[in-house]
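Trainee: Let's see this in three dimensions:
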Amino acid sequence: MEALRFPHTQSPHFHCSIFTPPTFNYTVKSSAAGVRRTAPRASSSSISAAVSRAAASHELPLVSPSSLTSEPGCVLPKLPSPGENGSLGPSGIEYLTGILSAKVYDVAFESPLQLATNLSRKLGNNIWIKREDLQPAVFSFKLRGAYNMMARLPKELLDRGVICSSAGNHAQGVALAAKKLGCTALIVMPVTTPEIKWESVERLGATVVRVGDTYDEAQAYAKKRAQEEGLTFVPPFDHPHVIMGQGTVGREIMSQAKCGIDAIFVPVGGGGLIAGISAYVKMVNPEVKIIGVEPNNANAMALSLHHGRRIMLDRVGGFADGVAVKVVGEETFRLCRHLIDGVVLVTRDAICASIKDMFEERRSILEPAGALALAGAEAYCKHYNQKDQNIVVIASGANMNFDRLGQVTGLADIGGRQCEANMNLHHF
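Mentor: Alright, predicted model coming up:
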């Protein structure tokens with residue numbers, strides 16, 4: 001029987017080569033030293049060109065986000081994989097046991113699954129919210145996967161230190177895990193990262209390096225530094241131990257649910273969270289639908305599933321910065337292609353409307369990526385005129401700069417009116 005066998009530092013399904021980009025100038029901020037060193041950054045065009053060359057070496061086609069469109073709430077189907085039967089075979093057992101034994105509860109807690117009474121009444125379905133935005137210190141699910149991988153590293157690798165690339169929440173997870181495990185952490189973040197996220201990383205004692213305009217550019221730099229300095233790269237999504245850590249969210253949902261669950265809506269960036277949740281849920285109850293949600297201008301997973309292979313977006317919208325990736329993971333795509341039921345695309349305005357809905361429901365403010373699953377579930381219920389279902393949405397994060405609230409408020413009103421118009425249309 002073939003089983004997952006992978007070293008501590010790299011997945012067998014993760015073979016992205018490390019290219020040699022142009023020399024980077026960068027901004028370094030170190031909370032530990034209390035010193036700020038600023039130098040001109042490399043132009044975004046030179047970094048983007050290097051990222052594109054890396055993609056070309058793997059023959060990933062460049063695709064425009066606008067090449068795939070759908071009605072609001074419509075579940076985009078996936079292209080079936082050869083011999084697909086909804087099962088991962090032996091590796092499914094490996095993931096199930098890995099999730100059950102995941103080392104996450106030294107830093108995370110079992111977040112509550114709360115019934116959204118007002119939203120349930122509004123949508124005619126029982127809407128359950130999995131509150132990963134309440135996780136301590138980082139306010140996101142990302143600490144689960146980061147800690148699960150890092151806690152399994154041998155001491156000699158921890159002593160050398162770790163490095164990661166992140167748009168924010170994974171960075172906080174790695175920084176917290178490093179603090180807990182007593183190792184150093186170098187965090188590479190895009191220059192577009194909200195201040196609240198990189199300042200939180202600094203407060204946890206990690207060193208922050210800000211490079212590039214997108215996650216993929218930051219990742220290219222981080223992998224180069226890891227190779228040059230002997231650091232362990234902690235990927236944000238494409239590693240079995242990271243996926244297993246995120247999969248504990250699915251295990252908790254299935255144990256907490258007071259009734260049969262019909263569907264779980266999951267935000268999708270690189271795919272680690274939805275891969276982990278589906279790996280567990282589909283093993284214990286294959287009838288539960290797992291539906292991903294992406295912004296319509298950051299839809300790398302939907303397009304990859306549509307084409308039957310991973311693609312690279314030629315550009316990516318950054319409003320929901322936590323899911324703004326150009327390429328999904330190799331292993332996460334393999335899992336999603338086998339297991340998930342489809343993807344819903346939502347607009348920026350719909351995301352803002354869901355941020356407002358969550359505030360009115362729980363007096364909590366989610367970041368755009370954190371409200372993504374709720375936006376998808378709302379659009380789905382209205383598009384299909386779905387009623388009397390038990391639907392779970394993942395509130396995945398709450399790290400938003402305060403100065404964005406004005407923009408969100410204005411867009412939320414537009415998104416709310418659009419949703420109401422769509423609901424009236426589908427009632428005819």
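Trainee: And Arg225, how close does it get to Pro236?
Mentor: As judged by C-beta to C-beta, to the nearest Å, Arg225 and Pro236 stand 16 Å apart. Yep, even glycine has a C-beta here, placed from its N, CA and C like the rest.
Trainee: er, Gly292 actually
Mentor: In terms of C-beta to C-beta, Gly292 sits 16 Å off from Pro236.
Trainee: Looking at these two, which is more packed in?
Mentor: Each of Gly292 and Pro236 has its neighbours counted (other C-beta atoms under 10 Å); Gly292 has more, 33 against 26.
Trainee: Quick check: the more buried one touching Val346?
Mentor: No: counting by C-beta atoms under 8 Å, no contact exists between Gly292 and Val346, whose distance comes to 11.0 Å.
Trainee: Find the residues that touch each one of these two.
Mentor: Gly376 (C-beta atoms under 8 Å, 6 or more residues apart in numbering).
Trainee: neighbours around Arg160, how many?
Mentor: Neighbourhood size, Arg160 [other C-beta under 10 Å]: 15.
Trainee: now the chain, which segments are flagged as low pLDDT?
Mentor: 1-58, 80-87, 89-90, 414-428 (pLDDT under 70).
Trainee: Give me the domain ranges for it.
Mentor: Here the domain parsing of the chain from automatic domain parsing is 28-39+140-233, 62-137+240-426.
Trainee: Report the central residue of this protein.
Mentor: Gly269 (4.1 Å; C-alpha atoms, centre = their mean).
Trainee: Just the helices from the stretch 1-150 of the chain, written as ranges.
Mentor: 44-57, 90-100, 117-123, 142-150 (DSSP state H, counting those that start in this stretch).
Trainee: quick one: Ala116 and Ile129 touch, right?
Mentor: Yes: contact criterion C-beta under 8 Å: Ala116 and Ile129 qualify, at 5.3 Å.
Trainee: shared neighbours, those two?
Mentor: 361-362.
Trainee: neighbours around the nearest residue to the residue nearest to the centre of the chain once chain neighbours are set aside, how many?
Mentor: Of all residues not flanking Gly269 in the chain, Val323 sits nearest, at 3.4 Å (C-beta to C-beta, 6 or more residues apart in numbering). Counted with other C-beta under 10 Å, the neighbours of Val323 add up to 30.
Trainee: quick one: contacts for Val323?
Mentor: Contacts of Val323 by C-beta under 8 Å, 6+ apart are 267-269, 294-295, 298, 369, 372.
Trainee: Glu294 - that's part of a strand, no?
Mentor: Yes: applying DSSP: H, G, I helix; E, B strand; the rest coil, one finds Glu294 inside a strand.
Trainee: Can you name the residues bridging to it?
Mentor: Assessed by DSSP bridges, Glu294 has beta-bridge partners Leu345.
Trainee: any idea how far Ile93 is from it?
Mentor: 29 Å.
Trainee: before we move on, what about Ala167?
Mentor: Going from Ala167 to Ile93 by C-beta to C-beta gives 33 Å.
Trainee: Tell me, how many residues neighbour Asn401?
Mentor: Asn401 sits with 13 neighbouring residues when counted by other C-beta under 10 Å.
Trainee: For it, give its distance to Lys382.
Mentor: Asn401 is 30 Å from Lys382, where distance means C-beta to C-beta.
Trainee: Excluding chain neighbours, what is closest to Leu119?
Mentor: In space, Leu119 is closest to Ile127, 4.6 Å off (C-beta to C-beta, 6+ apart).
Trainee: what about that neighbour, how many neighbours?
Mentor: Ile127 has 27 neighbours, counted by other C-beta under 10 Å.
Trainee: ok, now which ones touch it?
Mentor: Contacts of Ile127 (C-beta under 8 Å, 6+ apart): 115-116, 119-120, 374, 377, 391, 393.
Trainee: wait, which of these is closest to Thr409?
Mentor: The shortest approach to Thr409 among the contacts of Ile127 belongs to Leu374, at 16.8 Å (C-beta to C-beta).
Trainee: I'd say the closest one and Ile391 touch.
Mentor: No: with contact defined as C-beta under 8 Å, Leu374 does not count as touching Ile391 (9.9 Å).
Trainee: Mind listing the shared neighbours of those two?
Mentor: 127, 265.
Trainee: More neighbours: which of these two?
Mentor: Neighbour count, other C-beta under 10 Å: between Leu374 and Ile391, Leu374 has more, with 31 against 27.
Trainee: Check which helix or strand the more buried one maps to.
Mentor: According to DSSP states H and E, Leu374 maps onto helix 372-383.
Trainee: Could you check how many residues crowd around Leu113?
Mentor: Other residues within reach of Leu113, judged by other C-beta under 10 Å, total 17.
Trainee: list the contacts for it?
Mentor: Applying C-beta under 8 Å, 6+ apart to Leu113 gives the contacts 128-131, 252-253, 256-257, 392.
Trainee: So what pairs up with it in the strands?
Mentor: Beta-bridge pairing of Leu113 under DSSP bridges involves Lys130.
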